[in-house]
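Novice: Show me how the following folds:
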Amino acid sequence: MNTDQIEYFIELSNTENITKAAENLFISQQGLSSAMVRLEKELEIKLFRRTQNGITLTAEGIYFREQALKIADIVSECRNNLHNKNKKKKLKISSSYGVVEAIGGELLCELENYIHDASCDFIEYPGMECEKHVDEGTSEIGFAIGPINSKKFNSIYLFKKDLSFICHKSHPLAKFDSIEVSKLKNEKMICFNNNFKLRQIFNSMCCKSGFKPLIGLEVGELALISKMVENNLGIGFTFTDSCNNLSPAIKTVKSSDPSFVWAVHLIYKKDAELSKSAQKFISFFENKYIVHA
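Specialist: Model (predicted):
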């Protein structure tokens, strides 16, 4: 006797019709009939009465059905438990755009081996949305761009990248190697939209200098900013370490404001009950970025 025979028997006892049961089981009528004949031989009893009107269970068949249903439940429970035991849990991490790439594949592979009992599911968002998902609990952990709201989140500073302004080489600001943000008053800016933390940082810098930035174009990618600047459509900004890869038509102008940086933090909600996988995740990055700092 095997589990297939148990399954076939239960289905046939439900339908009391060879044709319908075979269709439901996706096997031939002959295959189903043969399996039931073998089962009856093994048990040395008759399970079915076969008549012109169909099939009905014998008294022995009714008893065997009760036991077969119990066996089927046990088999199903075992399969589910074994599947769940072997299935890795998913740790959801919200990440601001670009952070996963900046961390690098080698370190992420090391992370997976360190956690080992869970797989990391990274989902990238604009910076403000990243924080929202951690705050609402749809992600346990986030890679967010500073400054971080310390009332809502615990945070661990990981690393930073300097930012520089970029303009067309024919623009009057191209003669400077470094400028204060006040020089950008009344200049047409090409920026990320308000869902991005870099936009918030830039707005704050302008506000401290006493003006509201003039936003000419809002985009969602750094590459698009540099493309617009190359066509002399305004002034933008990008990572300082990537400026060497820009078009010769673009001039890099550094910012004199030290706060104009892309600072990456690992965040998790205050007072949150973190899973063991999330705790391991945090421990991994503490060891990599704090102990070795």
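
Novice: Just the CA atoms of stretch 120-135, as CSV, please.
Specialist: Taking C-alpha atoms only, stretch 120-135 is exported to CSV below (Å, rounded to 0.1, in the frame of the first residue of the first chain):
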residue,chain,number,x,y,z
CYS,A,120,17.5,38.5,2.6
ASP,A,121,14.8,40.1,0.4
PHE,A,122,16.1,43.6,-0.6
ILE,A,123,13.5,46.0,-2.0
GLU,A,124,14.7,49.4,-3.3
TYR,A,125,12.7,52.6,-2.8
PRO,A,126,13.3,56.4,-2.8
GLY,A,127,14.7,57.3,0.5
MET,A,128,11.5,58.7,2.1
GLU,A,129,9.6,55.5,1.1
CYS,A,130,12.3,53.3,2.6
GLU,A,131,11.8,54.9,6.0
LYS,A,132,8.0,54.6,5.7
HIS,A,133,8.2,50.9,5.1
VAL,A,134,10.3,50.4,8.2
ASP,A,135,8.0,52.7,10.2
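
Novice: buried sites along that stretch?
Specialist: Going by neighbour count (16 or more other Cβ atoms under 10 Å), the buried part of stretch 120-135 is 120, 122, 124-135. Backbone N, C-alpha and C define where each C-beta goes, glycine included.

Novice: Helices along the stretch 101-250 of the chain, start to end?
Specialist: 105-115, 127-136, 197-208, 222-230 (DSSP state H, counting those that start in this stretch).

Novice: circling back: for the buried residues of stretch 120-135, which two are the farthest from each other?
Specialist: For the buried residues of stretch 120-135, the farthest-apart pair by Cβ to Cβ is 120 and 128; their separation is 22.2 Å.

Novice: circling back: next, format the buried residues of stretch 120-135 as a markdown table and append distance to residue 241 and pLDDT.
Specialist: Listed next are the buried residues of stretch 120-135 as a markdown table, based on distance: Cβ to Cβ, whole Å; pLDDT from 0 to 100:
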| residue | distance to residue 241 | pLDDT |
| --- | --- | --- |
| 120 | 26 | 89 |
| 122 | 22 | 92 |
| 124 | 20 | 92 |
| 125 | 23 | 90 |
| 126 | 21 | 89 |
| 127 | 19 | 86 |
| 128 | 24 | 88 |
| 129 | 25 | 91 |
| 130 | 22 | 93 |
| 131 | 25 | 93 |
| 132 | 29 | 93 |
| 133 | 28 | 94 |
| 134 | 27 | 95 |
| 135 | 31 | 94 |
